[in-house]
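>>> What follows is a predicted structure for the sequence shown.
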Amino acid sequence: MTVREITRYLDSIAPPAYQESYDNSGLLVGNPDAEIKSVITCLDVTEEVIQEAIDKGAGMIVSHHPIIFGGLKRLTGKNYVERTVMMAIKNDIALYAIHTNLDNVEHGVNARLSERLGLKDTRILMPKGGMLRKLITFVPTKNVDEVLEALFAAGAGHVGAYDECSFRSEGVGTFRGDETTNPHVGEVGKRHSEDESRVEVILSFDKSSEVLSALKSAHPYEEVAWDMLKLENSLQTVGSGMVGELEEEMAASDFLAYLQNIVGGGVRYTQLIKDKVKRIAVCGGSGSFALGAAISAGADVFVTADFKYHQFFDADGQIVIADIGHFESEQFTIDLLYDAIREKFPNFATFKTAVNTNPILYL
Ligand SMILES: [Zn+2]
């Protein structure tokens, strides 16, 4: 197995293009063509985790948090980040991070947390805007099917649970080629009118170049007319947090005990404003930015981490904030990554880290 085979697969389940602008997901250390015998999944890369990889003969570590985050200007070993990176390089261990891109997909960090909490009918809490594009192109009517086929195969035409979505309307296109052209129909130097269809499909922005090259190879014309528009519509399957429902409503205090039992650590929470709770919003990691969305979604409780003192006041009698701790809210991601790699490469040695990297201790 090469490092690239693993990264290519992980990129397919959480496309790097879905990461937030401040993030640094992807292959951070290592040669993509290096052969590896096994991989370790973890939340954080520390010197202890690198040592574990050395002991197990693992050539690659897949972590949720990127060890190189804000950029490194020198490697002198003066802090744990530099020492960890140096130790990985010295021992030929590749480091790959799958961070906010895994937060943002519908089978990612928050799906796993929701599943552990037994939430049903889950959906993305804050679908991401600016991700969708519309491609409009003009195709000779008799060639529409083959062009559509190519666009769908390249990943265009997905709307919710539907695929192969498109729209067409009929019209007439005109063109005139100069003496350097070789038009598919019509004569050089003469205006030609052709029965054409205006074909529209929707796509995610990260598919733009694949879809455009599919269009250009399937379209019969030398010069293909197309428009690519950025849409304001949100992509419902990509974004932060999740919201879902408990199977049965629970007494608010019972839910907190249930939550603590599943995630461990220590739950910090705001006033229980209702006796019963059913709709639960979750956002693994630092989720205070999603509080407004959790309130708008009508959630009774918002399960997240990294709230500061003054931010707890923002619950404001509208929701219960349950801050379960950053590590605790993302701990199931270690299993998620392990399960994903195991399922795809069942004969390859995959390990979950045995190191508890949580830097926070509780009394
Ligand atoms: Zn995190």
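Now that the structure is in, tell me what you want to look at.

>>> which parts of this structure sit against the ion?
285, 330 (Cβ under 5 Å from the ion). In this view, the C-beta of every residue, glycine as well, is placed from N, C-alpha and C.

>>> contacting residues around Ser146?
No, residue 146 isn't Ser; it's Glu. The contact partners of Glu146, taken as Cβ atoms under 8 Å, 6 or more residues apart in numbering, are Ala218.

>>> Please pull up the helix or strand immediately following whatever helix or strand it lives in.
Assigned by DSSP states H and E, Glu146 belongs to helix 144-153. Next helix or strand after helix 144-153 toward the C-terminus (DSSP H and E): strand 167-175.

>>> List the contacts of that following strand.
Defining contact as Cβ under 8 Å, 6+ apart, one finds that strand 167-175 is touched by 138, 141, 144, 183, 186, 191-200, 223, 225.

>>> and stretch 72-92, C-alpha only, in PDB?
Output in PDB follows, covering the C-alpha atoms of stretch 72-92 (Å, rounded to 0.1, in the frame of the first residue of the first chain):
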ATOM      1  CA  LEU A  72       6.100  26.500  10.500                       C
ATOM      2  CA  LYS A  73       9.100  28.800   9.900                       C
ATOM      3  CA  ARG A  74      11.800  26.600  11.400                       C
ATOM      4  CA  LEU A  75      12.300  23.200  12.900                       C
ATOM      5  CA  THR A  76      14.600  23.400  15.900                       C
ATOM      6  CA  GLY A  77      12.600  21.200  18.300                       C
ATOM      7  CA  LYS A  78      11.800  24.100  20.600                       C
ATOM      8  CA  ASN A  79       8.100  23.100  21.100                       C
ATOM      9  CA  TYR A  80       6.000  19.900  20.800                       C
ATOM     10  CA  VAL A  81       4.800  20.800  17.300                       C
ATOM     11  CA  GLU A  82       8.400  21.100  15.900                       C
ATOM     12  CA  ARG A  83       9.600  18.000  17.800                       C
ATOM     13  CA  THR A  84       6.600  15.900  16.600                       C
ATOM     14  CA  VAL A  85       7.100  16.900  13.000                       C
ATOM     15  CA  MET A  86      10.900  16.300  13.200                       C
ATOM     16  CA  MET A  87      10.300  12.900  14.800                       C
ATOM     17  CA  ALA A  88       7.900  12.000  12.000                       C
ATOM     18  CA  ILE A  89      10.300  13.000   9.300                       C
ATOM     19  CA  LYS A  90      13.300  11.200  10.900                       C
ATOM     20  CA  ASN A  91      11.300   8.000  11.100                       C
ATOM     21  CA  ASP A  92       9.700   8.200   7.700                       C
END
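
>>> And that stretch, what's buried?
For stretch 72-92, the buried set under the neighbour-count rule, 16 or more other Cβ atoms under 10 Å, comprises 81-88.

>>> could you redo those as JSON lines and give each row pLDDT and secondary structure?
Below are these laid out as JSON lines (pLDDT from 0 to 100; DSSP: H, G, I helix; E, B strand; the rest coil):
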{"residue": "Val81", "pLDDT": "97", "secondary structure": "helix"}
{"residue": "Glu82", "pLDDT": "97", "secondary structure": "helix"}
{"residue": "Arg83", "pLDDT": "98", "secondary structure": "helix"}
{"residue": "Thr84", "pLDDT": "98", "secondary structure": "helix"}
{"residue": "Val85", "pLDDT": "98", "secondary structure": "helix"}
{"residue": "Met86", "pLDDT": "98", "secondary structure": "helix"}
{"residue": "Met87", "pLDDT": "98", "secondary structure": "helix"}
{"residue": "Ala88", "pLDDT": "98", "secondary structure": "helix"}
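
>>> For Ile98, state which of those residues is nearest.
The nearest member of the buried residues of stretch 72-92 to Ile98, counting by Cβ to Cβ, is Ala88 at 16.3 Å.

>>> dump the residue contacts of that closest one.
29-30, 45, 50, 61, 94-95.

>>> In this structure, mark out all the helices, start to finish.
In the chain, the helices defined using DSSP state H lie at 3-13, 47-56, 80-90, 100-103, 109-116, 144-153, 208-218, 252-263, 291-296, 309-312, 326-330, 333-344.

>>> rewinding a little: type out the ChimeraX command that picks the buried ones from the contacts of strand 167-175.
In ChimeraX, this line selects whichever of the contacts of strand 167-175 come out buried by 16+ other Cβ under 10 Å:
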select :138,141,144,183,186,194,196,197,198,199,200
